[in-house]
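Student: coords please:
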Amino acid sequence: MSSSFRAPPAPPHGEIDIAAVFKAVWQQKTLVLLVAAGVTLIAAAYAFTATPEYQVSSVLRPAAINELDALNRSEVYRLPPGDALIKVGASLESYETRLNFFRANQALFKPFERPGRTLEQSFDAFNRDSLKLVLPDPKKSDSLSAYIGLGLNYPKGIDGVSVLNKFVDYAIDAERQQIAADLKVIVKNRLTELEGKIEAARSSYKTGKDARIVTLQEADNLKRAQLQDELKALRQQIRTARQDRIALLGEAITIAKSLGIEKPTTPSALGEKTARAGENSVMRTEINNQQVPLYFMGVEALTAERTALLQRKSDDFTEGRIAQIARELQLLQSNREIEVLKQRQNEDLFLSGVEPLRAEVVRLKNLGNLDISNMKLVTIDRKALEPLSPINPKKILILILGGVVGVILGVLAALARHFIINGRHVTQDVTPLLSTAMGKPSKERTALQPSDS
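Tutor: Residues are numbered from 1 along each chain as shown. Now for the predicted structure:
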């Protein structure tokens with residue numbers, strides 16, 4: 001008895017028999033369907049049991065110009081609408097603002113809390129994965145106006161609409177408070193500067209007033225000293241003149257006594273008296289423009305005048321200038337201008353050049369009545385609204401991907417099973433041939449040899 005084995009022809013090296021592969025997969029279509037169904041069920045279980053994740057967004061745009069008109073007209077704080085939007089955007093992106101909002105509204109963020117995490121760690125997870133700031137692309141010019149968008153991704157169980165809307169309001173209010181604080185500091189600094197200028201003007205006025213008083217007092221003292229010196233000189237002059245007059249009177253009295261002139265006379269009268277004594281005819285001419293010597297006044301008159309001069313206690317009445325000096329000295333006893341300067345009550349009324357400064361002070365103080373609490377820094381173009389459906393998980397996409405992945409895995413499983421099974425049969429059929437070719441009889445051949453003989 002002879003035995004022979006023919007192995008099926010193998011495809012050329014490096015080529016795959018597509019038909020054989022398809023046939024092998026088709027023969028195991030039940031396995032493919034089972035694997036695909038199993039993977040699809042797993043995907044469906046994930047899609048329908050995973051926590052839904054929602055997304056809400058809000059859009060801010062620049063406020064109208066008239067909303068910021070009161071602040072800009074203050075001439076203290078300039079804030080165009082575009083700058084206000086940038087400030088609010090910076091506040092929305094600020095880590096500190098977000099953390100403060102998280103701390104102030106912990107009831108809204110209960111699902112983010114995890115055991116073993118601190119408040120800051122829970123916030124960091126929320127801040128890193130949930131809040132996203134959206135800015136316009138500066139390379140694109142198709143945007144009609146500037147805007148700032150803010151998106152929030154949140155799982156089911158969180159009131160995302162309230163979180164986002166409240167956070168936007170919180171950031172706007174925080175920036176509004178910051179602007180109010182900045183305005184307060186600027187106004188305070190301006191007021192301090194203006195008060196310093198007014199105080200400098202007040203100090204300058206006081207210095208000028210004191211200098212004026214001192215100048216007036218110095219002028220009065222100088223004038224008084226000059227008048228007193230003049231009065232002293234006048235009195236000395238009058239005293240000297242009186243003494244000189246007394247000496248002249250004494251000399252005239254001596255001459256008058258020697259001439260026997262007792263009564264006032266004239267040179268012509270004295271001549272007639274002498275002529276009668278000599279009885280000579282003499283023609284006399286009297287020149288009236290010559291000063292008559294003092295002794296012609298006679299002894300009686302001269303003696304009387306000298307006696308009066310000797311008994312005089314004051315010569316002031318003989319000089320009119322002395323009375324004028326006394327009057328001027330009396331006026332110098334009190335300077336009315338100095339008294340008025342010293343009696344001024346509200347000296348600020350006399351400061352020069354401070355009227356504009358005072359007006360600016362009043363204007364700046366009135367800025368304290370500027371209501372910034374209701375000032376509209378930005379326009380909320382779109383508030384966050386309750387989403388209609390979650391963004392994750394995408395159930396239909398997950399089911400489709402699950403089905404596709406399941407089919408692929410099923411095909412791979414079928415091919416693996418096919419090659420495993422076929423590889424076992426090929427090994428069983430090829431082993432005897434290999435033994436014969438190597439000269440090693442198999443057990444079957446050894447058993448058949450006696451019968452053939």
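
Student: name the element I261 belongs to?
Tutor: I261 belongs to no helix or strand when assigned by DSSP states H and E.

Student: Return the distance of it relative to A247.
Tutor: Taking CB to CB, to the nearest Å as the measure, I261 falls 19 Å from A247. To be clear about C-beta, it is placed using only N, CA and C from the backbone, and glycine gets the same treatment.

Student: Repeat that for P136.
Tutor: The value you get for P136 to A247, if CB to CB is used, is 119 Å.

Student: And these two? Which one has more around it.
Tutor: P136 (14 against 11; other CB atoms under 10 Å).

Student: How is that one assigned, secondary-structure-wise?
Tutor: Following DSSP: H, G, I helix; E, B strand; the rest coil, we place P136 in the coil state.

Student: Give me the nearest residue to I322, chain neighbours excluded.
Tutor: Leaving out its chain neighbours, the residue that sits closest to I322 by CB to CB, 6 or more residues apart in numbering is D316, at 4.6 Å.

Student: List the contacts of the one you found.
Tutor: When contacts are counted by CB atoms under 8 Å, 6 or more residues apart in numbering, D316 is found next to 235, 238, 322-323, 326.

Student: what comes up buried for stretch 358-368?
Tutor: 360-361, 364, 367 (16 or more other CB atoms under 10 Å).

Student: got any ranges where this structure has weak pLDDT?
Tutor: Applying pLDDT under 70 to the chain picks out residues 1-17, 111-112, 114, 116, 138-145, 270-290, 423-453.

Student: Residues in contact with the strand or helix carrying V59: which ones?
Tutor: V59 belongs to strand 53-62 when assigned by DSSP H and E. If you take CB under 8 Å, 6+ apart as the criterion, strand 53-62 is touched by 81-82, 84-85, 88-89, 134, 145-156, 160-161, 164-165, 168, 378-387, 390-393.

Student: Mind checking which of these are buried?
Tutor: For the contacts of strand 53-62, buried by 16+ other CB under 10 Å: 81, 84-85, 88-89, 147-155, 160-161, 164-165, 168, 378-380, 384, 390, 393.

Student: Could you list which of those belong to helices?
Tutor: Using DSSP state H, the subset of those located in helices is 81, 84-85, 88-89, 160-161, 164-165, 168.

Student: now, the most widely separated pair of the residues you listed?
Tutor: Within these, two members stand farthest from each other by CB to CB: P81 and G160, at 28.6 Å.

Student: mind listing the helices for this protein?
Tutor: For the chain, helices defined by DSSP H occupy the ranges 18-27, 29-49, 69-72, 81-93, 95-104, 119-129, 160-259, 267-278, 298-311, 320-331, 336-342, 355-366, 395-437, 443-452.

Student: If you count neighbours, what's buried in stretch 239-251?
Tutor: Residues of stretch 239-251 classed as buried: 246, 249 (neighbour count, 16+ other CB under 10 Å).

Student: neighbours around V25, how many?
Tutor: V25 has 19 neighbours, counted by other CB under 10 Å.

Student: My guess is D315 contacts R239. True?
Tutor: Yes. With contact defined as CB atoms under 8 Å, D315 reaches R239; the gap is 6.1 Å.

Student: show me the contacts for the closest residue to V161 other than its chain neighbours.
Tutor: Closest residue to V161 apart from its sequence neighbours, by CB to CB, 6+ apart: A384 at 4.8 Å. Neighbour list for A384: 56-58, 152, 160-161, 164-165, 168 [criterion: CB under 8 Å, 6+ apart].

Student: Between which two of those residues is the distance greatest?
Tutor: By the measure CB to CB, G160 and V168 form the most distant pair in the contacts of A384, at 12.4 Å.

Student: Can you get me a residue count around the residue nearest to V407 when sequence neighbours are not counted?
Tutor: Among residues not flanking V407 along the chain, A36 sits closest, at 4.6 Å (CB to CB, 6+ apart). Number of residues near A36 (other CB under 10 Å) recorded here: 21.

Student: From V25, how far out is A36?
Tutor: According to CB to CB, A36 and V25 sit 12 Å apart.

Student: got it, and I86?
Tutor: 62 Å.

Student: again with A233
Tutor: Here A233 is placed at a distance of 148 Å from V25 (CB to CB).

Student: So I148 sits against V134, correct?
Tutor: Yes. Using CB under 8 Å, I148 and V134 qualify as a contacting pair, with a distance of 7.3 Å.

Student: which residues touch I255?
Tutor: I255 makes contact with 293, 295, according to CB under 8 Å, 6+ apart.

Student: try it again with 10 Å
Tutor: 261, 293-296, 299, 302 (CB atoms under 10 Å, 6 or more residues apart in numbering).

Student: One more: G298?
Tutor: Contacts for G298 (CB under 10 Å, 6+ apart) come out as 252-253, 256-257, 259-265, 304.

Student: Report the separation between it and L309.
Tutor: Plainly put, G298 is 17 Å away from L309 if you go by CB to CB.

Student: now F317
Tutor: Separation of F317 from L309 (CB to CB) stands at 13 Å.

Student: Compare neighbour counts for the two and give me the winner.
Tutor: Shown here are F317 and L309; by other CB under 10 Å, L309 has more neighbours (14 against 10).

Student: Would you quantify the distance from the closest residue to that one other than its chain neighbours to G298?
Tutor: Of all residues not flanking L309 in the chain, I246 sits nearest, at 5.0 Å (CB to CB, 6+ apart). I246 sits 17 Å away from G298, taking CB to CB as the criterion.

Student: now L349
Tutor: From L349 over to G298 the distance is 75 Å, taken as CB to CB.

Student: for W26, same thing?
Tutor: W26 sits 185 Å away from G298, going by CB to CB.

Student: now A63
Tutor: For A63, the distance to G298 (CB to CB) stands at 118 Å.

Student: cool, K365 as well?
Tutor: Distance, K365 to G298, by CB to CB: 94 Å.

Student: Please apply the same query to K263.
Tutor: Distance from K263 to G298, by CB to CB: 5 Å.

Student: shared neighbours, those two?
Tutor: With CB under 10 Å, 6+ apart, K263 and G298 have common neighbours A256.

Student: returning to what we had before: CSV for the buried residues of stretch 358-368, including distance to E195?
Tutor: CSV is the format used below for those (distance: CB to CB, whole Å):
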residue, distance to E195
E360, 11
V361, 7
L364, 10
L367, 15
